[in-house]
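> just a sequence and a predicted model for now, questions to come.
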Amino acid sequence: KPKAKTNAADKKKPAAKTTKTTTKKGEKKTKIAKPKSDGVYRTTLNNDLKIPLLSLGAWKLKSNANTVQTIERIVEFGLESGYRGIDCDEKFDNLKAIGRGIKSFFLKQRTLNPKNPVKRDDLFISCKLWGVSHRNVEASYQAMCDQLGVEQLDCLYLGTPCGLERHMMEVPVVRKEKAA
């Protein structure tokens, strides 16, 4: 039998990975979405939203006068390296630096890749709202968007969904009295 001709572009694209899960009713295949042209693996949620399987986490990126440029560069380098998800938290106090890194990445993309730059829709930006901000979610959400320099977030997590008062966040210090 003659072999089918393959296109060079077809060889570059990795095939979709499948994993098998067994249920009581039999065997079921679960499919992970094929990577887009940017090579990023995504999974599809029930509402057809596609999210990247890997995100750049901002947990330990503490922001102060000495580290703002470092955080910007980490975010920019992460996006250059192929990350398309960014996971933030309002409590980390680094949203402005992350936003500046995103902006710097977009400016560089427009210069280096003007025909096919990465767009905002290609990113998935999630942020967690800390428990003390639940009293005014809209204002907190808008403040996070403003600091990041985006019009909207793709996902907003509610940390400690029961909500907390500011005074409940302070950890009491217990001192033992010295024996006389």
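Yep, it's here.
> this protein: helices as residue ranges?
Remark: helices assigned in the chain by DSSP state H are 8-12, 68-80, 95-112, 137-148.
> in JSON lines: those helices, plus distance to Tyr41.
For glycine as for every other residue, the C-beta is placed from the backbone atoms N, C-alpha and C. Formatted as JSON lines, the helices of the chain follow (distance: least, C-beta to C-beta, whole Å):
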{"stretch": "helix 8-12", "distance to Tyr41": "15"}
{"stretch": "helix 68-80", "distance to Tyr41": "16"}
{"stretch": "helix 95-112", "distance to Tyr41": "20"}
{"stretch": "helix 137-148", "distance to Tyr41": "24"}
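> any chance of a markdown table for the ones you listed, columns mean pLDDT?
Shown next, in a markdown table, are these (pLDDT from 0 to 100):
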| stretch | mean pLDDT |
| --- | --- |
| helix 8-12 | 47 |
| helix 68-80 | 93 |
| helix 95-112 | 94 |
| helix 137-148 | 93 |
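> using a markdown table, lay out the ones you listed together with distance to Leu53 and mean neighbour count.
Output for the helices of the chain, formatted as a markdown table (distance: least, C-beta to C-beta, whole Å; neighbours: other C-beta atoms under 10 Å):
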| stretch | distance to Leu53 | mean neighbour count |
| --- | --- | --- |
| helix 8-12 | 20 | 8 |
| helix 68-80 | 15 | 18 |
| helix 95-112 | 20 | 18 |
| helix 137-148 | 22 | 15 |
